[in-house]
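Asker: show me the folded form of this:
(3 chains)
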Amino acid sequence: MNAPLNPVAEHLAGYNFAYLDEATKRMIRRALLKAVAIPGHQVPFGAREMPLPYGWGTGGIQVTAAVLGPRDVLKVIDQGADDTTNAVSIRRFFGRVAGVRTTDRTREATIIQTRHRIPETALREGQVLVYQVPMPEPLFKLEPRVSETTRLHALGDYGLMQVKLYEDIVQHGEVATAYNHPVMVNGRYLMSPSPIPSFDNPKMHMNPALQLFGAGREKRIYAVPPYTEVRSLDFEDHPFRPIRAPHACELCGSTESYLDEVITDDQGGRIFVCSDTDYCAERRGE
Amino acid sequence: MYVSVKGGEQAIANAHAWLAERRRGDAEQPEITAAQIAEQLGLAVDRVMAEGACLDRDLAALALKQARGDGTEAAFLLRAYRNTLPRFGYTAPLDTGAMQVQRRVSATYKDLPGGQVLGPSFDYTHRLLDVALAGQNGEPPPAPLAEAGVEPMPRVTGMLAQEGLMARDTASDAEPPDLTREGLRFPANRALALQAMARGDEGFLLALGYSTQRGYGNSHPFVGEIRMGAVPVEFTPPELGFAIDIGDVVVTECQMVNQFAGNAETPPQFTRGYGLVPGQNERKAMAMSLVDRALRAKELGEELTAPAQDAEFVLYHCDNVESTGFVEHLKLPHYVDFQSELEKLRGIRARWAADRGETP
Amino acid sequence: MQPGFSDPVLDAQSAFRAVLEAMSHPGRIIPVAPAPLPPVPLSPAMGAVALALADADTPLWHDAGAEAGDWLRFHAGSPLAEAPRAMFLLATGTPPALAGLNLGTEEAPQEGATLLLAVKSLRPAGVLRLRGPGIQHETALGVEGLPEGFWAERAALRPLFPCGLDIILCCDSQIAAIPRTTEVV
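Answerer: Reported below is the predicted structural model:
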């Protein structure tokens, strides 16, 4: 909390700080605290319509708006990049309605709102990672009824998912999920990590940062506190395996980071570059 | 060397500039005003008001103008706006029996107290494109005026209930849930379901209502009554402690009469499907009343066989602000997940080929 | 009437962040600043947490007397509730029996109450050893002023997880949280 205080007067006239009214913030804050107290459990909340469409990060935006203060430094990424249009749009939104300082640097940020990635740079204590979640229910493809999945979570009955993964192995010789691979949190709740690539799943485990998840359309909030066990669902004889393209980044040469595949011509030409633009830039000394 | 695509900020600004230009259209044509939209495209405004869940015609007209006539986009603008408004409290329930009726029809009786009133309806227009309307064709001749009826207009369902033929929907003083504060919860009570449908998508409800008529759900509907008109809105400010009239809203109400076979405790009787929509929107009020009745299947001990009887299915999917957002979010970049999927598929294909002794 | 937050928007935000940090790191002592100066026996920390989180939607129980009650009603506006029905409980004396409070249900464990509990002192060292989510290895905590048998009473609730109570210990302008997941030995 050493960042300089931004003059709050700079936020958009006619709207409250961080857009939401105080009663809505309190409602979201109460849900967030219960989410942290019950790791991996989806807490229903009275999500509001936001001036951005449902499915475009309204859950993450509401969580960020409820957490954010004038001393925070905000980073917003989509697909690992700060300059994708939706990330730009959300960053501009908070610039306008909260007047907070924004950054591209993972290390400088106190709050990072993300869609589909966890930064490559290791997070530290005190940072908050806010995930945009389209479908909070890890079982939804197997059981679309919310009343039924609520019951299954209450019972801790995740047999449906075990069977699904097992059927994958029978059919394909391996688990077929490449992203949004379900995790068990603190040994109790099955949780959707949001559509991050399986590559990122291990970063959730015992992470020093606080991880908050917001699903606006489905009106659910959940959380993983720092230093909490997060295990990707797997089988002893088919352990979970994160996936990464077996190449080096064309720009920084990293063989550790998650890569985007870029098509360069119509002859099958392609190169691979880091998905995390800040990580790549830092490695190149930019 | 490869340089990644940048410039999101500039691209967004350019797109917005282009959008504003398209909204305006050919500058040779006079610019349309929100007031013109409110007056002359009234039914579009009514629909936006209902689906936007904000009963303000001027704002709905503005939203339609801003959205270039896209009703769903306009409803979304209105929804987002209403969330920034302070809440003063809840009004008293509307009494549609006290409606200043502009239209009232019943399909179940040839005549009834208060009479049938066709009102400003398309019903018996011949659907011939009126080329004269293409330009400015001046003022229409004034519609004939009649003395306002003094006879009360009791609701048809009430008359049936007097005879014991219609199941009474018992009044309740229980505080109804508030969809805008808490979201859906299941099992959803009828008040919550009706709230969701009142602001639900007209097209979705129309299709579902239609499906109940084609055998997807057991339905034998008669229009007991449709009425449309202005209803007074009453509010009790806590500091006053008594109700005051704060204005009128126009609503359309449909009461659909359905058969019910009865059971050991209840003699055979009619049951009600109910639809209430802000503004003039008969199509939606009728569709809503069909779906409302279908959703009561479980309560009435009927077999659940059809989509329209499935409360989770209907209520989770009737909101077009939610559904348009999620369908359209698929155009956002997904290349991180797609890349993971590519690597996964390549791996699985290699295994598939190896299992068959082939090289991939 | 003593004032509440001097800046209702930003002070509530920073008080909430203190609670969020405390809940994220059970047993860690977190300062709450700026905090209001509520009437005794409410401490600044307890007052700040109450104003940051409680409102007309949250039934509240307290044992802090009439003056503090007026202050809470004026600044937070929470309806008063019997202890078993309260979402927030502010205990400045001996807390009500924990097992009788709202612990939530298996399907809605988030409805379990939050207990704000006044203590005489909080020290980052002491006989208590805390383990669980939010704690990397182990956190030591020294607490004075809790009734005899309190920790045993709390430990008896742990098998009910995910149902349970989340506790925020308050002392002057500091807090330490003990969420339901934390094992205290």
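
Asker: so the longest helix belonging to chain C, near chain A or not?
Answerer: In chain C, assigned by DSSP state H, the helix with the most residues is helix C:8-24. Yes. Shown here: helix C:8-24 in contact with chain A (Cβ under 8 Å from any Cβ of the partner chain) through C:8-10, C:12-14, C:16-17, C:19-21, C:23-24. Yep, even glycine has a C-beta here, placed from its N, CA and C like the rest.

Asker: direction included, what does whichever helix or strand comes after that helix pair up with?
Answerer: Using DSSP states H and E, the helix or strand that directly follows helix C:8-24 along the chain is strand C:30-31. Strand pairing for strand C:30-31, determined by DSSP bridges: strand C:174-178 (antiparallel).

Asker: ranges for the helices of the chain?
Answerer: If you meant another chain, say so; for now it's chain A. A:22-37, A:58-67, A:85-98, A:146-155, A:159-172, A:201-204, A:277-283.

Asker: I was after chain C.
Answerer: Going by DSSP H, chain C shows helices at C:8-24, C:44-53, C:65-75, C:150-155.

Asker: one more: chain B?
Answerer: Counting by DSSP H, the helices of chain B are B:8-24, B:34-40, B:42-51, B:57-66, B:71-82, B:156-162, B:179-182, B:190-198, B:202-213, B:282-295, B:311-317, B:320-328, B:335-355.

Asker: which stretch among those comes nearest A:R105?
Answerer: The closest of the helices of chain B to A:R105 is helix B:8-24. By Cβ to Cβ, the value is 17.5 Å.

Asker: quick one: is that closest one near chain A?
Answerer: Yes. Counting by Cβ under 8 Å from any Cβ, contacts between helix B:8-24 and chain A involve B:8-9, B:11-12.

Asker: break the chain down into its structural domains.
Answerer: If you meant another chain, say so; for now it's chain A. A:22-138+A:179-232, A:244-286 (automatic domain parsing).

Asker: that's the wrong chain, I wanted chain B
Answerer: If you go by automatic domain parsing, chain B breaks into B:9-82, B:96-119+B:151-168+B:178-318, B:322-354.

Asker: a markdown table for the ones you listed, including mean neighbour count, mean pLDDT and distance to A:D83?
Answerer: Shown next, in a markdown table, are the domains of chain B (neighbours: other Cβ atoms under 10 Å in any protein chain shown; pLDDT from 0 to 100; distance: least, Cβ to Cβ, whole Å):
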| stretch | mean neighbour count | mean pLDDT | distance to A:D83 |
| --- | --- | --- | --- |
| domain B:9-82 | 17 | 95 | 8 |
| domain B:96-119+B:151-168+B:178-318 | 18 | 91 | 34 |
| domain B:322-354 | 17 | 91 | 11 |
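
Asker: quick one: which of the ones you listed is nearest A:S89?
Answerer: The minimum distance between A:S89 and those falls on domain B:9-82, with 6.3 Å, by Cβ to Cβ.

Asker: distance between that closest one and the chain's centre?
Answerer: Distance, stretch centre to chain centre, for domain B:9-82: 18 Å (Cα atoms, centre = their mean, to the nearest Å).

Asker: turn the domains of chain B into TSV, columns for distance to B:R127.
Answerer: Converted to TSV, the domains of chain B look like this (distance: least, Cβ to Cβ, whole Å):
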stretch	distance to B:R127
domain B:9-82	15
domain B:96-119+B:151-168+B:178-318	15
domain B:322-354	29
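
Asker: between these, which one is closest to A:P193.
Answerer: Using Cβ to Cβ, the nearest of the domains of chain B to A:P193 is domain B:322-354, at 11.7 Å.

Asker: ok, that closest one near chain A or not?
Answerer: Yes. Domain B:322-354 reaches chain A (Cβ under 8 Å from any Cβ) through B:322, B:324-329, B:332-337, B:339-344, B:347-348, B:351-352.

Asker: same thing with stretch C:132-141?
Answerer: Yes. Interface with chain A: stretch C:132-141 contributes C:133-136 (Cβ under 8 Å from any Cβ).

Asker: tell me which of the helices of chain A sits most buried.
Answerer: helix A:58-67 (a mean of 27; mean count of other Cβ atoms under 10 Å in any protein chain shown).

Asker: what is that one packed up against?
Answerer: Judged by 3 or more Cβ pairs under 8 Å, 6 or more residues apart in numbering or on different chains; DSSP states H and E, the packing partners of helix A:58-67 are helix A:22-37, helix A:85-98, strand A:111-115, strand A:128-132, strand A:210-215, strand A:220-224, helix C:8-24.

Asker: tilt between the longest helix of chain C and strand A:128-132?
Answerer: Orientation of helix C:8-24 against strand A:128-132 (axes from the mean of the first three to the mean of the last three Cα atoms, to 10 degrees) gives an angle of 100 degrees.

Asker: out of the domains of chain B, which gets nearest to A:E250?
Answerer: domain B:322-354 (14.2 Å).

Asker: excluding its backbone neighbours, what's nearest residue 45?
Answerer: All of this refers to chain A. A:A31 (4.0 Å; Cβ to Cβ, 6 or more residues apart in numbering or on different chains).

Asker: think we crossed wires, I meant chain B
Answerer: B:A60 (4.7 Å).

Asker: burial of A:T228, as a residue count?
Answerer: 25 (other Cβ atoms under 10 Å in any protein chain shown).

Asker: which residues does the longest strand belonging to chain C contact?
Answerer: Ranked by number of residues, the top strand in chain C under DSSP state E is strand C:121-131. Applying Cβ atoms under 8 Å, 6 or more residues apart in numbering or on different chains, the contact partners of strand C:121-131 are C:26-29, C:138-145, C:151, C:169, C:171, C:174, C:176, C:178, C:182-185.

Asker: and those, which of them are buried?
Answerer: C:26-29, C:139, C:141, C:143, C:169, C:171, C:174, C:176, C:178, C:182, C:184 (16 or more other Cβ atoms under 10 Å in any protein chain shown).

Asker: okay, the residues you listed in a markdown table with pLDDT and distance to A:D237 next?
Answerer: Formatted as a markdown table, the buried ones among the contacts of strand C:121-131 follow (pLDDT from 0 to 100; distance: Cβ to Cβ, whole Å):
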| residue | pLDDT | distance to A:D237 |
| --- | --- | --- |
| C:P26 | 98 | 36 |
| C:G27 | 97 | 39 |
| C:R28 | 98 | 40 |
| C:I29 | 98 | 46 |
| C:T139 | 97 | 37 |
| C:L141 | 96 | 43 |
| C:V143 | 96 | 47 |
| C:L169 | 98 | 46 |
| C:C171 | 97 | 52 |
| C:Q174 | 98 | 50 |
| C:A176 | 98 | 44 |
| C:I178 | 98 | 40 |
| C:T182 | 97 | 35 |
| C:V184 | 96 | 38 |
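
Asker: ok so, going back, in the longest helix of chain C, what counts as buried?
Answerer: C:9-24.

Asker: before we move on, what about stretch A:228-243?
Answerer: A:228-234, A:240, A:242-243.

Asker: in chain B, which residue sits nearest chain C?
Answerer: B:R181 (8.4 Å; Cβ to the nearest Cβ).

Asker: tell me if I'm right that that residue and A:G46 touch.
Answerer: Yes. At 4.9 Å, B:R181 and A:G46 qualify as touching, with contact defined as Cβ atoms under 8 Å.

Asker: which residues touch residue 143?
Answerer: This is for chain A. A:E143 touches A:149, A:152, A:160, counting by Cβ under 8 Å, 6+ apart.

Asker: please refer instead to chain C.
Answerer: C:119, C:121-123, C:126, C:128, C:169, C:176.

Asker: what of B:R23?
Answerer: Contact analysis of B:R23 by Cβ under 8 Å, 6+ apart lists B:65-66, B:68.

Asker: with A:L233 instead?
Answerer: A:158, A:161-162, A:165, A:181-184, A:190, A:240.

Asker: let's see 10 Å
Answerer: A:L233 makes contacts with A:138, A:158, A:161-162, A:164-165, A:175, A:177, A:181-184, A:190-191, A:201, A:240, as judged by Cβ atoms under 10 Å, 6 or more residues apart in numbering or on different chains.
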